[in-house]
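> this is a predicted model, with the sequence first.
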Amino acid sequence: KNRRDWEILPLFGRLSSGEQQKVFRRGSCRRVILATNVAETSLTLPNIRYVIDSGLARQSSCNASTGIQELSTVFISKSAIMQRRGRLSNGVCFHLYTEEAWEKTSEFTTPEIMRSTLSGVILQMAYLKLPPLSEFPMLDKPGAGAIRAGERMLKELGALDKNGKITSMGIELAQIPLDPQLGRILLAGEKFNVLDEVIVCCSFLSIVDPRERPTDKQSQADAAHNVFKDENSDFTTVLNLWNESEKVSGYGALRRFCKENYLNYRRMRDWKNLVEELTFDFQHRHKKLRGKVDMEQFDREHFHMALLAGLPRNLGHWNAEKREYEDMQGRKFQCFPSSTLIKMKNKPEWILFFHLLEIRNLYSMLNARSISNDEGGTVISFCFGDCFNSLCHVTSPSSLISSCLQWSSSDPYGYERCSSSSDRVRA
C-alpha cells in the first residue's frame, strides 16, 4: 500500500559487486529481489519467505548448424525448478505456470557439452590420441552436426588435415590453454611481431567483459568507457584500456581505477592474471616478447591480420540497400550497440568481428573496420594498411571466404615463407 514500506533490488551476474552486496545488507523494510537464475545456485540469500518462479531462464548455447551463439529464453528443467524452490528455508513458492507445463518439461538441464562449440574438445582428444569424439562412449553424446562443425573449424585453422589427423599446427594449439581460434591468433601474432598485443587481446576475449553499465549511471559509465575507444576498432579499444590500467600500481590503486571507470575489479584481476600466465608460457617456449604494449609503435595492421588468422569466416559486408551487414554464409546482422562502429554515418564496406550473438536480433560482437576500393574490385585492408591487398581482391562475400580460409590454414607456422608485407600469401 505504501511504497516506502518496500525496497526493490535487482540481482544478476553482470551487476557490479557493490550493487550485488545490497541484497545481503539488513534493511528497515520488506525487500523484493528481482533475480536471474544467478540466485538459483550461485548465491544463498538469508530470510527468504516467498519465491515467485517464472519457469524461464536465459540460456547461452551455440547453434551447430549456423555457428551462432544464442542467448535465448527457455523453460527450465524440473531439477532447476526444485533448485529455485530450495531457496526457501521456511516459506511459500509460487510457480507461474500450469501443472501441464511442469509435466512436459525435461528432468535435467541440457548438458553444456551439448550446447557448446566442440573444437577445443576434439583437438585435445586428437592430441591425447583418444578415439574420435563420435566414437567415444560419453554419457551425454553431442549431436553429429556439432561434431562436424568442430572438425570443420579445426581444419580451417590448419589444426587437422583432410583425414582428421592432428597437424604440427594442431599440436602447438593443443598446448595453449585457450580456445583453438584464440590460440591460432597467438601463433600468428608471434610471426607478425605483435605477440604482446594479441596476448592482451586474447586474454580479454577469454573472460567476461569487465566494463559495467549500472542501470542508474549508464551515461556516466558510457562517458568513462569512451575515453578508451578507438574509432576504427573495438579490438584496439581493448589495448587502450589495458594500457591505462597498467599505469596504476598496486591492488588498491587498481581498485580505485576500476571504480572511477566503471570496471569490475575481479574481472580486471582475472584479465591481468591470464595475461601473466600466457606471457610466462610463451617466454618458457623462448618466444619473443617485449613485455609491454607500446601503442606508439603499435602495428595495427599486423595486429588485425593476426586476428583474421583465427577468425577467417568472421567478415561482414555492408549492404547499403538493406542497411545491414551480411557475413560469408549470408546471415544478416548489425554491429552491437556498444561497438565503436555503430555511430559511423558512412558504414565501412567490410568489417572483422569476433563472433555473432543472437539476443532478439543478430549482432556482431567486437568489430574492426576496413577501408576499401580500387578499380580491380574491393580490397580488404584492415586498419588502413596495404599488406592485405595482395590477399583479397574480390567483389563479393562468397568469393572472399575460400581466400581467407586458404590463407589462414596454408602455412602451419604462420607466414614463414613471406619475407615482407608485399609478399604475403596470395589467395
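Okay, I see it.

> who touches the longest helix belonging to the chain?
Identified as the longest helix of the chain according to DSSP state H is helix 265-284. With contacts defined as C-beta atoms under 8 Å, 6 or more residues apart in numbering, helix 265-284 is touched by 17, 176-178, 186, 190, 195-196, 199-200, 202-204, 206-210, 242, 245, 254-255, 258-259, 289, 291. No exception for glycine: its C-beta is placed from N, CA and C like everyone else's.

> for this structure, which segments count as strands?
Applying DSSP state E to the chain gives strands spanning 6-11, 30-35, 50-53, 56-62, 69-75, 92-95, 315-319, 324-327, 332-335, 350-358, 362-371, 378-379, 381-382, 393-394.

> so what's the residue count around the closest residue to residue 263 other than its chain neighbours?
Distances taken as C-beta to C-beta, 6 or more residues apart in numbering place residue 210 nearest to residue 263, at 4.8 Å, with adjacent residues excluded. Look at residue 210: counted by other C-beta atoms under 10 Å, it has 20 neighbours.

> for residue 210, give me the backbone phi and psi.
Here is the backbone geometry of residue 210 (degrees, to the nearest 10): phi -70, psi -10.

> unless I'm mixing things up, it is touching residue 262, no?
No. With contact defined as C-beta atoms under 8 Å, residue 210 does not count as touching residue 262 (9.4 Å).

> just the ones of the contacts of helix 265-284 in helices?
With DSSP H as the criterion, helices contain 17, 186, 190, 195-196, 199-200, 202-204, 242, 245, 254-255, 258-259 from among these.

> give the PyMOL command for selecting the buried subset of the contacts of helix 265-284.
PyMOL command restricting these to the buried ones, with burial defined by 16 or more other C-beta atoms under 10 Å:
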select buried, resi 176+178+186+190+195+196+199+200+202+203+204+207+209+210+242+245+254+258
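
> pLDDT-wise, which helix or strand of the protein ranks last?
Lowest on mean pLDDT, DSSP states H and E among the helices and strands of the chain sits strand 378-379, with a mean of 38.

> tell me the spacing between residue 186 and residue 172.
9 Å (C-beta to C-beta, to the nearest Å).

> below-threshold pLDDT in the stretch 151-300 of the chain: ranges please.
Where the stretch 151-300 of the chain drops to pLDDT under 70, the residues are 286.

> list the contacts of the residue nearest to residue 39 when sequence neighbours are not counted.
Computed as C-beta to C-beta, 6+ apart, the closest residue to residue 39 that is not its neighbour in sequence is residue 11, at 5.9 Å. Residue 11 sits next to 20, 23, 33, 34, 35, 36, 38, 39, 43 when contact means C-beta under 8 Å, 6+ apart.

> ok, which stretches of the stretch 1-150 of the chain are helices?
Remark: helices assigned in the stretch 1-150 of the chain by DSSP state H, counting those that start in this stretch are 17-21, 38-41, 78-85, 99-104, 119-127, 144-156.

> distance of the closest residue to residue 47 other than its chain neighbours from residue 36?
Excluding its sequence neighbours, the residue lying closest to residue 47 (C-beta to C-beta, 6+ apart) is residue 89, at 7.9 Å. According to C-beta to C-beta, residue 89 stands 21 Å off from residue 36.

> which of these two has more neighbours?
Under the criterion of other C-beta under 10 Å, the comparison of residue 89 against residue 36 puts residue 36 first, with 16 against 10.

> residues in contact with that one?
Contacts of residue 36 (C-beta under 8 Å, 6+ apart): 11, 12, 13, 57, 58.

> closest one of these to residue 235?
Distances from residue 235 to those, taken as C-beta to C-beta, are shortest for residue 13 (24.2 Å).

> residue 333 and residue 78: what is the separation?
From residue 333 to residue 78 the distance is 35 Å (C-beta to C-beta).
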